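Enquirer: next comes the sequence, and after it the predicted model I'd like to discuss.
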Amino acid sequence: MSLDSVRAVALGFWTTLKHTLRPPVTLSYPEVKRQPALKFRGRHRLYATEDGLERCIGCELCAGACPSQAILVEAEENDPEHPVSPGERYARRYEINMIRCIFCGYCEEACPVDAIKLGPEYELSDFNRESFVYTKEMLLDPEKYAPRNQYHADVDRSIDERGVHTTLLETYRKHYPSSTYEDAPEARERR
Amino acid sequence: MPELAIDVIRSAVLILMLLTGMAYMTLFERRVIGRFQVRLGPNRTGPSGLLQPLADALKLFFKEDVFPAAADRLIYPIAPALALIAALASFAVIPLGPPLELGGVKIAPQIVDLPVSVLYLIGASSLGVYGLVFGGWASGSKYSLLGGLRAAAQVVSYELILGLAVVGVVMISGTLALGGIVDAQSRSVWYILLQPLGFALYFIGAVAEVNRAPFDLPEAESELVAGYHTEYSGMRFAMYYIAEYVNMITVSAVAATLFLGGWLGPFLPGPHWLLLKMLAFLFLFVWLRATLPRLRYDQLMGLSWSVLLPLGLLNVALTALAVAAFG
């Protein structure tokens, strides 16, 4: 018990006391929500082109790339009069089993037309296995068709008191695939 | 027998106060240690978590009461009650404020004003150790046994320090009664000024006596699962838990009474001052837990016998000289 060790202990007490004055790092979760990072991989979304066609051409490359075989695609020929997608074929059935999905993002990497993207929504829990199978409608328009248990608009509009990532929803909505980047509204504005 | 009735009522009120205080001490500790760790602590049950102790108590009531096959049939259930009784009994001698006049009846501020209440306190805290040692032995588990052994050795070593630290106060005040010690401080100054070394020794001894961090070796969750109460569950576990927290409250009250003038203080009524001083000590307990890592067993013993004991003897000798010279 030299004087140095007494000093060291006193320094320790001072250090812990200083920590009580810091604001807690805890976010009170259901009321305050952390904004995910811009490249966060949450729930998938299928995109449409500017003129309302589904981007997906039913090539099944996403299903092939999926390491957990969570994606089911059944393709069909487009009716030339009333095409659903810009390509020859479209996805008659497009389902993702969210229990199997590991959110690796290989599907969006595999997609040749950038039809599928993983977004910021992460509150995806539910009570029934059935409700975890996402149909094409849910993926195209989750605001409208996603199960109510799983759709949380507040994730998107949560206000970060520190002012970080407040425009995330905008970013997500404007998350235009790269090939149509020139058609995106902000690109047009830039021109 | 109106006097007996008054005594019973006062005891019941005091026990209720202690149990409520203990329950809110757990919340206080969890919230404060949360802030030390830059987090919030429990704040969901009721406004700012104020109903958390109630929820904890309810949970413990509904827990299964496990009685291990290897446990001693008689001593295993008695041990936690022994710890709790000793913890509750110690508080009986602490003066909570100035004597009260109620309808011509003089009501003493403590349950009993023993002329030797300091000895009674040390005796009651020694009795509490039997709860830990018996519980550790009777559980029929090696972790419990090791915890109980540690409790025995630790408390015997640190009780000595505690006793020596108190001797200085007793010599200056010239009485063993806590009420008398408070009176003596009202005539001079708080004894922390006359006995700074004695105060430090008392507090270190008290932390070790109630098995709190950094002297929580009998529980040592990272080494001994939970030490002496490893095999206890439900309300039996709760009794140990209550005993630990009531002991913390008691040693805080004793420290306030012996060294900080007890209920003495300006403006506010006496009990408020005692409570404020106790809260300061309880905060210190939490602060200690948030800061210091647990001592190794040899460090614990070395600190007691080769550092604190000589210091305590020195303190007694110096105090005796000072009392002889100036007293």
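Expert: Sure thing, it's come through. Every value quoted in this text rests on a predicted model; they were computed, and no experiment measured them. Numbers count the residues shown, from 1 in each chain, chains lettered A, B, ... in the order given.
Enquirer: when you work out contacts or count neighbours from here on, use the C-alpha atoms and nothing else.
Expert: Fine.
Enquirer: so what's the residue count around the residue of the stretch 201-327 of chain B found nearest chain A?
Expert: Taking CA to the nearest CA, chain A has its nearest neighbour within the stretch 201-327 of chain B at residue B:291, 5.9 Å off. By other CA atoms under 10 Å in any protein chain shown, 21 other residues sit near residue B:291.
Enquirer: any idea how far residue B:202 is from it?
Expert: For residue B:291, the distance to residue B:202 (CA to CA, to the nearest Å) stands at 19 Å.
Enquirer: same check on residue A:68?
Expert: 64 Å.
Enquirer: from what I see, the residue of the stretch 201-327 of chain B closest to chain A and residue A:10 are in contact.
Expert: No: using CA atoms under 8 Å, residue B:291 is not in contact with residue A:10, being 9.8 Å away.
Enquirer: which residues are in contact with each of the two?
Expert: Common contact partners of residue B:291 and residue A:10 (CA atoms under 8 Å, 6 or more residues apart in numbering or on different chains): none.
Enquirer: what pLDDT does the residue of the stretch 201-327 of chain B closest to chain A get?
Expert: Residue B:291 is assigned 90 on the pLDDT scale.
Enquirer: same thing with the one 3 residues further on?
Expert: Per-residue confidence at residue B:294 stands at 87 (pLDDT).
Enquirer: please verify my assumption that it contacts residue B:218.
Expert: No: applying CA under 8 Å as the test, residue B:294 and residue B:218 come out as separate, 10.8 Å apart.
Enquirer: give the rounded mean pLDDT of the helix or strand harbouring residue B:119.
Expert: Per DSSP states H and E, residue B:119 falls inside helix B:117-138. Averaging pLDDT along helix B:117-138 gives 87.
Enquirer: how many neighbours does residue B:78 have?
Expert: For residue B:78, the neighbour count with other CA under 10 Å is 15.
Enquirer: any idea which element it lies in?
Expert: Taking DSSP H and E as the criterion, residue B:78 maps to helix B:75-90.
Enquirer: for the residue of the stretch 201-327 of chain B closest to chain A, grab phi and psi.
Expert: Here is the backbone geometry of residue B:291 (degrees, to the nearest 10): phi -110, psi -50.
Enquirer: and for residue A:46?
Expert: Phi and psi for residue A:46, reported as degrees, to the nearest 10, are phi -100, psi 140.
Enquirer: and the angle for the helix holding residue B:119 with helix B:75-90?
Expert: Orientation note: helix B:117-138 sits at an angle of 160 degrees relative to helix B:75-90 (axes from the mean of the first three to the mean of the last three CA atoms, to 10 degrees).
Enquirer: next helix or strand past helix B:117-138?
Expert: Moving toward the C-terminus from helix B:117-138, the next helix or strand (DSSP H and E) is helix B:142-173.
Enquirer: against residue A:44, how distant is the residue nearest the centre of chain A?
Expert: Among the residues of chain A, the one closest to the centroid is residue A:119, at 1.6 Å (CA atoms, centre = their mean). Distance, residue A:119 to residue A:44, using CA to CA: 6 Å.
Enquirer: show me the residue at the heart of chain B, geometrically.
Expert: residue B:247 (2.7 Å).
Enquirer: ok, the closest residue to that one other than its chain neighbours - contacts?
Expert: Excluding the flanking residues, the one nearest residue B:247 by CA to CA, 6 or more residues apart in numbering or on different chains is residue B:87, at 5.4 Å. The contact partners of residue B:87, taken as CA under 8 Å, 6+ apart, are B:124-125, B:128, B:243-244, B:246-247, B:250.
Enquirer: what is the neighbour count of the nearest residue to residue B:95 once chain neighbours are set aside?
Expert: Among residues not flanking residue B:95 along the chain, residue B:110 sits closest, at 4.7 Å (CA to CA, 6+ apart). Applying other CA under 10 Å, we find 22 residues neighbouring residue B:110.
Enquirer: and residue B:110, what does it touch?
Expert: Contacts for residue B:110 (CA under 8 Å, 6+ apart) come out as B:92-96.
Enquirer: give me phi/psi at it?
Expert: Torsion angles, degrees, to the nearest 10, at residue B:110: phi -130, psi 170.
Enquirer: quick one: list the elements packing against the strand of greatest length in chain A.
Expert: Using DSSP state E, we find that the single longest strand of chain A is strand A:89-97. Contacts defined by 3 or more CA pairs under 8 Å, 6 or more residues apart in numbering or on different chains; DSSP states H and E place strand A:89-97 against strand A:71-77, strand A:133-134, helix A:136-140.
Enquirer: any chance of these in JSON lines, with distance to chain B too?
Expert: Shown next, in JSON lines, are those (distance: least, CA to the nearest CA, whole Å):
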{"stretch": "strand A:71-77", "distance to chain B": "40"}
{"stretch": "strand A:133-134", "distance to chain B": "34"}
{"stretch": "helix A:136-140", "distance to chain B": "34"}
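Enquirer: and chain A, which residues reach chain B?
Expert: With CA under 8 Å from any CA of the partner chain as the criterion, chain A meets chain B at residues A:12-13, A:16-17, A:19-26.
Enquirer: report the backbone C-alpha coordinates of stretch A:108-117 in PDB.
Expert: Taking C-alpha atoms only, stretch A:108-117 is exported to PDB below (Å, rounded to 0.1, in the frame of the first residue of the first chain):
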ATOM      1  CA  GLU A 108     -29.600  -8.100 -54.900                       C
ATOM      2  CA  GLU A 109     -26.100  -8.800 -56.100                       C
ATOM      3  CA  ALA A 110     -27.300 -11.500 -58.400                       C
ATOM      4  CA  CYS A 111     -30.100  -9.600 -59.900                       C
ATOM      5  CA  PRO A 112     -29.200  -8.400 -63.500                       C
ATOM      6  CA  VAL A 113     -31.900  -5.700 -63.600                       C
ATOM      7  CA  ASP A 114     -31.700  -4.400 -60.000                       C
ATOM      8  CA  ALA A 115     -35.200  -5.400 -59.200                       C
ATOM      9  CA  ILE A 116     -34.700  -6.500 -55.600                       C
ATOM     10  CA  LYS A 117     -33.000  -4.500 -52.900                       C
END
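Enquirer: list the contacts of it.
Expert: Identification of contacts with stretch A:108-117 by CA under 8 Å, 6+ apart yields A:44-48, A:54-57, A:61-62, A:65, A:105, A:107, A:118, A:177-179.
Enquirer: mind listing what's buried along it?
Expert: For stretch A:108-117, a neighbour-count test (16 or more other CA atoms under 10 Å in any protein chain shown) marks A:108, A:110-111, A:113-117 as buried.
Enquirer: right, I'll leave it there.
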